[in-house]
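Visitor: would you be able to build a 3D model of this:
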Amino acid sequence: MKFGVEEEFFLLSDGKPHEPPAGLFTDARGMPFSLSREPHQGVIEVISPILDSPQSLASHIINSREWLLKKAENLGFTVFAGGTHPTINHKHVKFRDDFQDTAFIEEYGALFKSCLTFGQHVHIGSIPRSKMPKVFNRLRPWQPFLMALAANSQHFDGEDTGIACYRQMLYSRMPRTGTPPRMNSPEHSLRINATLLEKGCIYRPTLTWHDVRHHPTHNTFESRVMDIHPRSEGAAFNALITALVGHLAITSPSKDAIEPLSYFMPDWMIEENRWRAIRYGRKAELITPHGDIAVKDILIKLCEVLPSEWHSHHPEIQQHINNEINSHTCQKEVEYV
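Guide: Residues are numbered from 1 along each chain as shown. Just a heads-up that it's a prediction; the model follows:
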């Protein structure tokens, strides 16, 4: 398996969004990762190279964030990481001055402008072609869990929305988002994209933003549901959990140790779980053909099978995992009492 990750950050100066300085991009040219600018003013994306292992996935997140924080501080900027900014009003954040994609602005305009959101997108690649439909269809039911795990965007425009993952509520207003269609063949998603291009529905193949998508240029399966984590070790942990879900989808038999989300689930059930994840985040109870299961219980099961060698060279990630397990165990004891 190969991996990749993209993380979106908000650059601020005196608490206000600000265009990233040219020096930031100049200094990044010698790094193993790359930077790109998003349409919104002050929003940048850190893009990993192709990564050969979960270990390198975790190391990239830790190291690239450390580099970005130091560079931004030296240039007089602060870096915000979270699914949505809790206080800055999106109406006061314009598209960057040199954003010239007029077709995008005309098509999505104010709808996308309101999507001032920040996510972590994890790519899983080098999947055997014969296994692609099965793996993709196994990944679909897992997206609500991953969404709930990373939810941290309850506050938006200075208000408490009461929605744990409000980022997804914002983004779901865009077309071609949400749960993707089941994959019937390795070319299924690419054929849909080709038809959308032919019919003039989209003008480039990346204008589909489903929760998990067959990336049209990278040939990876890209999970797009996670709010970006404020802390490096938390972000690395979330990416490793996504990698583990991908690993289980590829290697496990039809019914494996991580039931009940790892095999077929009807679309209506995935959609209900998606709403529960958006609304309640980590407090969600997900429904399955075999009964309800709490997000925290799924997380404990995954932590138990997460290979230690994936994170052993980063003690801060191990401490984060210990905190995850202990916090849920303590909560269980309180509930039982």
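
Visitor: now do the contacts for residue 85.
Guide: Listed by CB atoms under 8 Å, 6 or more residues apart in numbering, the contact partners of residue 85 are 10, 116, 118, 156. Quick note: C-beta positions are derived from backbone N, CA and C, even for glycine.

Visitor: show me what counts as buried in the helix or strand harbouring residue 233.
Guide: Secondary-structure element containing residue 233, defined by DSSP states H and E: helix 232-251. For helix 232-251, burial by neighbour count (16 or more other CB atoms under 10 Å) applies to 232-250.

Visitor: what is the subsequent helix or strand relative to it?
Guide: The helix or strand immediately downstream of helix 232-251 is helix 267-280, counting by DSSP H and E.

Visitor: other residues contacting that following helix?
Guide: Where contact means CB under 8 Å, 6+ apart, the residues beyond helix 267-280 that reach it are 140-141, 143-145, 147-148, 151, 163-166, 168-169, 178-179, 182, 211, 284-289, 295.

Visitor: still on that earlier bit, with only the CA atoms kept, save the helix holding residue 233 in CSV.
Guide: As requested, the backbone C-alpha atoms of helix 232-251 are provided in CSV (Å, rounded to 0.1, in the frame of the first residue of the first chain):
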residue,chain,number,x,y,z
SER,A,232,0.1,17.1,15.4
GLU,A,233,-0.1,13.8,17.3
GLY,A,234,-3.9,13.9,17.0
ALA,A,235,-3.7,14.5,13.3
ALA,A,236,-1.1,11.7,12.8
PHE,A,237,-3.3,9.3,14.9
ASN,A,238,-6.4,10.1,12.8
ALA,A,239,-4.4,9.5,9.6
LEU,A,240,-3.2,6.2,11.0
ILE,A,241,-6.7,5.1,11.8
THR,A,242,-7.8,5.9,8.2
ALA,A,243,-4.8,3.9,7.0
LEU,A,244,-5.8,1.0,9.2
VAL,A,245,-9.3,1.0,7.9
GLY,A,246,-7.9,0.9,4.4
HIS,A,247,-5.5,-1.9,5.3
LEU,A,248,-8.4,-4.0,6.8
ALA,A,249,-10.5,-3.3,3.8
ILE,A,250,-7.8,-4.8,1.5
THR,A,251,-6.5,-7.7,3.6
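
Visitor: ok, how many other residues are close to the residue lying closest to residue 264 once chain neighbours are set aside?
Guide: For residue 264, the nearest residue in space outside its immediate sequence neighbours is residue 137; the separation is 7.2 Å by CB to CB, 6 or more residues apart in numbering. Counted by other CB atoms under 10 Å, the residues lying close to residue 137 total 18.

Visitor: what's near enough to touch residue 137?
Guide: For residue 137, the contacting residues are 182-183, 264, taking CB under 8 Å, 6+ apart as the criterion.

Visitor: which residues of the stretch 101-250 of the chain fall in helices?
Guide: 102-113, 132-139, 143-150, 166-171, 188-198, 232-251 (DSSP state H, counting those that start in this stretch).

Visitor: just send the ones you listed back as JSON lines, with distance to residue 18 and mean pLDDT too.
Guide: As requested, the helices of the stretch 101-250 of the chain are exported to JSON lines (distance: least, CB to CB, whole Å; pLDDT from 0 to 100):
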{"stretch": "helix 102-113", "distance to residue 18": "18", "mean pLDDT": "86"}
{"stretch": "helix 132-139", "distance to residue 18": "37", "mean pLDDT": "93"}
{"stretch": "helix 143-150", "distance to residue 18": "26", "mean pLDDT": "96"}
{"stretch": "helix 166-171", "distance to residue 18": "22", "mean pLDDT": "95"}
{"stretch": "helix 188-198", "distance to residue 18": "35", "mean pLDDT": "93"}
{"stretch": "helix 232-251", "distance to residue 18": "23", "mean pLDDT": "93"}
